[in-house]
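# model this:
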Amino acid sequence: MPEAIVVIPTFNEIENIERLIRNIFSLQRGFEILVVDDNSPDKTADKVRELIKEFPETLHLEVRKEKMGIGTAYIHGFKWALQKNYQYIFEMDADFSHNPNDLIRLYNACVKRGFDMAIGSRYVDGVNVVNWPMSRVLLSWGASKYVNIITRMPICDTTAGFICYHRRVLEKINLDKIHFVGYAFQIEMKFKAYLSKFKIIEVPVIFTDRTKGESKMSGSIISEAIFGVITMKFKSLFNRYEI
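Okay, here's the model as predicted:
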């Protein structure tokens, strides 16, 4: 039975993807990788196809027709992984903001310590962010505090995108009823796992901003998070929020 797979969404990550794949495959714990590429103009998918020849059993690729948001890319990957019967399903960025070595720590939190969901957290143990301007640190940290206040989730890094899920979490959540497509997707997934009473732990990690490629952050992504969280919490109060 396949055990652990890392889902990595990509859009124009040609500068990072090969090094990331090789780093993950060099780890002592054997992870498989699924790249979900949104038809990157820079030919990221072609680079992955080249690498599949070298790693035919452990590297997988799904290519979508166009850029449709990081949330839908993860959902595509989660459904693929569930269908293939993986037990532990990870999400991480392609830009090295998440250290591949921390995959093992997230894995151990679920496998050895019995948690259903392990979050690579920037804020559970201080503020562990490298190469961000103070304005962006404050925006990110403030967003998590805002989500804490509205949702009452006891999670310090509610917007984190570095996570290990046991498959039972993704089986419980109706992935067809996830409403957000940008980074608010990360909040919604945690909120639904929290409402479902899964055992969640935050594992402290150091987040390092990308050095190659371009950030995907935008104003629409921020506004989706601000207003979406209020709607999400309001519906949950009146039992109108479907998990």
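# how close does the residue lying closest to residue 114 once chain neighbours are set aside sit to residue 110?
Spatially, and ignoring its direct neighbours in sequence, residue 114 is nearest to residue 199 (6.8 Å; C-beta to C-beta, 6 or more residues apart in numbering). Backbone N, C-alpha and C define where each C-beta goes, glycine included. Distance of residue 199 to residue 110, computed by C-beta to C-beta, to the nearest Å: 9 Å.
# List the residues that are in contact with both of the two.
By C-beta atoms under 8 Å, 6 or more residues apart in numbering, residue 199 and residue 110 have these common neighbours: 116-117.
# Show me which of the two is the more surrounded one.
Legend: neighbour count by other C-beta atoms under 10 Å for residue 199 and residue 110, higher for residue 110 (23 against 15).
# quick one: secondary structure of that one?
Using DSSP: H, G, I helix; E, B strand; the rest coil, the secondary structure recorded for residue 110 is helix.
# For it, list the residues it contacts.
Residue 110 touches 88, 116-118, 164, 166, counting by C-beta under 8 Å, 6+ apart.
# what would these look like in CSV with secondary structure, pLDDT and neighbour count?
Below are those laid out as CSV (DSSP: H, G, I helix; E, B strand; the rest coil; pLDDT from 0 to 100; neighbours: other C-beta atoms under 10 Å):
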residue, secondary structure, pLDDT, neighbour count
88, strand, 98, 21
116, coil, 98, 19
117, strand, 98, 25
118, strand, 98, 27
164, strand, 98, 29
166, strand, 98, 19
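# of all these, which comes closest to residue 177?
Residue 177 lies nearest to residue 117 out of the contacts of residue 110, by C-beta to C-beta, at 18.2 Å.
# Make sure the closest one is actually in contact with residue 168.
No. With contact defined as C-beta atoms under 8 Å, residue 117 does not count as touching residue 168 (9.8 Å).
# Overlap in contacts, the two.
residue 198.
# picking up where we left off before, just the pLDDT for the residue nearest to residue 114.
Looking at residue 199, its pLDDT is 98.
# cool, the one 10 residues further on as well?
Reading off the per-residue confidence, residue 209 sits at a pLDDT of 88.
# and the residue nearest to it when sequence neighbours are not counted, how many residues sit next to it?
Among residues not flanking residue 209 along the chain, residue 131 sits closest, at 3.9 Å (C-beta to C-beta, 6+ apart). Other residues lying near residue 131 total 11 when counted by other C-beta under 10 Å.
# Then residue 143?
For residue 143, the neighbour count with other C-beta under 10 Å is 20.
# how near is it to residue 32?
Distance, residue 143 to residue 32, by C-beta to C-beta: 32 Å.
# One more: residue 82?
Taking C-beta to C-beta, one finds residue 82 at 14 Å from residue 32.
# what about those two, which has more around it?
Neighbour totals were compared for residue 82 and residue 32, and residue 32 leads with 20 against 15 (other C-beta under 10 Å).
# I'd say that one and residue 7 touch.
No. Assessed by C-beta under 8 Å, residue 32 is found out of contact with residue 7, at 10.0 Å.
# Strands of this structure, residue ranges please.
Secondary structure of the chain by DSSP state E: the strands cover 4-10, 32-37, 59-63, 88-91, 117-121, 129-130, 163-166, 200-204, 207-208.
# Now distance to residue 190 too, for these, in TSV please.
Compiled in TSV, those are given as follows (distance: least, C-beta to C-beta, whole Å):
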stretch	distance to residue 190
strand 4-10	16
strand 32-37	20
strand 59-63	24
strand 88-91	12
strand 117-121	7
strand 129-130	19
strand 163-166	8
strand 200-204	7
strand 207-208	17
